[in-house]
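# Below is the sequence, then the predicted model.
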Amino acid sequence: MIFVNFKTYEQATGEASLILAKICAEVSQITSIKIIPIVQAVDIWRLASQGLEVWAQSADTIDFGAHTGSILPEAVLAAGAKGFLLNHSEKKLSSSDLEKILNKLKIKNVPTLVCAEKIDEASSIIGFQPTFIAYEPSELIGGQVSVSQAKPEIISEFIAKITGVPILVGAGIHTPQDVQKALELGAKGILVSSGVVLAPNPREVLLNLARGFKND
């Protein structure tokens, strides 16, 4: 599977988010590789109302009440989100907040993808029972060097130690070879962002990344 984090890029905001999400859906249908857009809260209904599966980029650890400006998980779900990305390096959560929101979403049977930059961090997260964990070293995010090429031994160690939950790999994934290497090391999928969102031709990039799965 491929998760595409739209972040807050101009190329993936508002109507542009719908165009890019439709590209993700088209490539997913062509390749039979599940591709899930992760979008801003304000764009969830725009996409979900068109029948597209989308996940939220985060949410706040609040319940119904007086929390002006916060993102309520229940509101995100009501808008049509099917899952949540949590603890991205650009939106870190404290351990207690992460546990609280994961417990809430687990009760609601909502899938979650939680990012971890290091093995120690992932070891503490796994006890909260996320659906997926993404290994994403922050120093490689948005760069030209993929984590699967730069730190293959770390991925192997990460997957060997973090058991019982599917592991995805993120940071700098650009080529089918990057994808194939990650899968060979034991990953179940990838988390990408700028390599797709900022590409002149996102469809071509996604088709290219999907080839890495076919070579598995």
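Now that the structure is in, tell me what you want to look at.
# okay, which residue of this protein is out on the far edge from center?
Computed with C-alpha atoms, centre = their mean, the residue of the chain farthest from its C-alpha average is Ala66, at 29.4 Å.
# Now do that one against Ala59, distance only.
Here the criterion is C-beta to C-beta, to the nearest Å. By it, Ala66 lies 17 Å from Ala59. Backbone N, C-alpha and C define where each C-beta goes, glycine included.
# can I get the CA coordinates of stretch 48-57 in CSV?
This file holds the C-alpha atoms of stretch 48-57, laid out as CSV (Å, rounded to 0.1, in the frame of the first residue of the first chain):
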residue,chain,number,x,y,z
ALA,A,48,-15.0,11.9,0.8
SER,A,49,-18.2,13.2,-0.7
GLN,A,50,-16.9,12.1,-4.1
GLY,A,51,-16.6,8.5,-2.8
LEU,A,52,-12.8,8.7,-2.3
GLU,A,53,-11.1,7.1,0.7
VAL,A,54,-9.1,9.6,2.6
TRP,A,55,-7.3,9.8,5.9
ALA,A,56,-6.7,12.7,8.2
GLN,A,57,-3.3,14.2,8.9
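# What residues of that stretch count as buried?
In terms of neighbour count (16 or more other C-beta atoms under 10 Å), stretch 48-57 has its buried residues at Ala48, Leu52, Glu53, Val54, Trp55, Ala56, Gln57.
# For the second one, give me its contacts.
Put plainly, it is Leu52. Residues counted as contacts of Leu52 (C-beta atoms under 8 Å, 6 or more residues apart in numbering) are Ala21, Lys22, Cys24, Ala25, Pro37.
# Number of residues surrounding the first one?
Read that as Ala21. 25 (other C-beta atoms under 10 Å).
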